[in-house]
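> quick check, what structure comes out for this input:
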Amino acid sequence: MHQLVYFYPNEHAFHSAPNHPERPERVEAIVSALNDLDLWEPFPKLQPLIVPEHVLLGVHTRTHLTNVERYSQLAQTIDTDTYLTQRSWDLALQAAGGACSVASAVWQRIAERGFALCRPPGHHATPDEMMGFCLINNIAVAAEYLLREMGAQRIAIVDIDLHHGNGTQDIFYNRGDVFFISTHQSPLYPGTGMLNETGRREGAGRTMNIPLPPFSGDSAFTAAMDELIFPALERFQPEILLVSAGMDVHWRDPLGHLLVSAAGYHGVIGKMTAFADEHCKGRIALFLEGGYDLAGGSACAAGAVTALLGAAFADSQGVSPYREQAGWREVIDRGKRLFSA
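Below you'll find the predicted structure:
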């Protein structure tokens, strides 16, 4: 069994737009940082799977998939955030296939852990809409692949991006086989992810949102895990943890103000890895979402990988120079009352 496997998005530089924060350098800076720590070359890089059409259609409408392909051919800009090039359709399919490859390897215990450097990212892509830099929802496709092709029955997706994973929530909101959990800054784009959004129908109680106010910092990030997320996961008993690993929670990131340090990120991934070891037969896989400061994102990625490997981590960026604020405590306490009811 491999200790760790990666997916690297070959030719992803063909998906780019001038002066856009979601740029190829994000992935290359992560690879460079992992190389410097000898955390890249020793581990296999998986090829993307060809995702079966019925898996894609379990996540997105046919109209959505047709639109992604058509707008890619036209190199269309969807909105002020979301662009496509003539290669974006192929690269979006590759990212989704890479996510499936990593999730499948971890599920089958070909690898203990996995990290898919998906680009374009995915967690804002809804069943029928491209938005927020995202075209196809990579982590949702990976979950659907495990459920339809690998025999999984209970999957937990934990989204620790700066922004609420509205697309992933929408995809699984009425379903009971995927427990979606999101920590995110609020208020912030896309304006969703309130505490009272907890799922419907078969999915009632299978969505948990923890909207943290700006300047919450490491303490809030850790408390959300310890006091809300892990108790909920213990009740659900997932067979695998899939993590939407947004690096934009870092205090250096230009798009938000959660003020998390790379050391704090390392600590949270370490806690999730320990949970997976105890409850999920060790199955945990990370999927790259946001992260727009190259130094902060690279430090978080290094912290995440060392945590997956159970190794020590030296945070090159240190703690935030800005003062953390305590408004997050009320959110955690309200969440505890809501989710224990």
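> and stretch 147-163, how far apart are its ends?
End-to-end distance for stretch 147-163, by C-alpha to C-alpha, to the nearest Å: 26 Å.
> now that stretch: buried residues?
For stretch 147-163, burial by neighbour count (16 or more other C-beta atoms under 10 Å) applies to 147, 149, 152, 154-163. The C-beta positions use only the backbone N, C-alpha and C, and glycine is treated the same way.
> which ones among those residues lie within helices?
Using DSSP state H, 147, 149 are the members of the buried residues of stretch 147-163 that sit in helices.
> so can I have JSON lines of the buried residues of stretch 147-163 showing pLDDT?
JSON lines is the format used below for the buried residues of stretch 147-163 (pLDDT from 0 to 100):
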{"residue": "147", "pLDDT": "98"}
{"residue": "149", "pLDDT": "98"}
{"residue": "152", "pLDDT": "98"}
{"residue": "154", "pLDDT": "98"}
{"residue": "155", "pLDDT": "98"}
{"residue": "156", "pLDDT": "98"}
{"residue": "157", "pLDDT": "99"}
{"residue": "158", "pLDDT": "98"}
{"residue": "159", "pLDDT": "98"}
{"residue": "160", "pLDDT": "98"}
{"residue": "161", "pLDDT": "98"}
{"residue": "162", "pLDDT": "98"}
{"residue": "163", "pLDDT": "98"}
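> so which of the buried residues of stretch 147-163 is the closest to residue 248?
Nearest to residue 248 among those, counting by C-beta to C-beta, is residue 162 at 3.9 Å.
> contacts only, for the closest one.
Taking C-beta atoms under 8 Å, 6 or more residues apart in numbering, we find residue 162 in contact with 184, 185, 188, 246, 248, 249, 253, 255, 256, 258, 290.
> of the residues you listed, which pair is most distant in space?
Largest separation among the contacts of residue 162 by C-beta to C-beta: 184 and 253, giving 12.8 Å.
> those two: who's more crowded?
Shown here are residue 184 and residue 253; by other C-beta atoms under 10 Å, residue 184 has more neighbours (26 against 23).
> which residue packs closest to that one, ignoring adjacent ones?
residue 164 (4.3 Å; C-beta to C-beta, 6 or more residues apart in numbering).
> neighbours of the one you found, how many?
Around residue 164 there are 28 residues (other C-beta under 10 Å).
> identify all contacting residues around stretch 306-315.
3-4, 37, 39, 113, 115, 261-263, 266-267, 269-270, 273, 284, 286, 299, 302-303.
> one step back: does the residue nearest to residue 184 touch residue 187 like I think?
No - with contact defined as C-beta atoms under 8 Å, residue 164 does not reach residue 187; the gap is 10.3 Å.
> let me see the contact set for residue 211.
Residue 211 sits next to 164, 184, 185, 186, 193, 194, 195, 331 when contact means C-beta under 8 Å, 6+ apart.
> take the residues you listed and lay them out in JSON lines including distance to residue 311 and pLDDT.
Output for the contacts of residue 211, formatted as JSON lines (distance: C-beta to C-beta, whole Å; pLDDT from 0 to 100):
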{"residue": "164", "distance to residue 311": "31", "pLDDT": "98"}
{"residue": "184", "distance to residue 311": "28", "pLDDT": "98"}
{"residue": "185", "distance to residue 311": "29", "pLDDT": "98"}
{"residue": "186", "distance to residue 311": "33", "pLDDT": "98"}
{"residue": "193", "distance to residue 311": "32", "pLDDT": "98"}
{"residue": "194", "distance to residue 311": "37", "pLDDT": "98"}
{"residue": "195", "distance to residue 311": "35", "pLDDT": "97"}
{"residue": "331", "distance to residue 311": "32", "pLDDT": "97"}
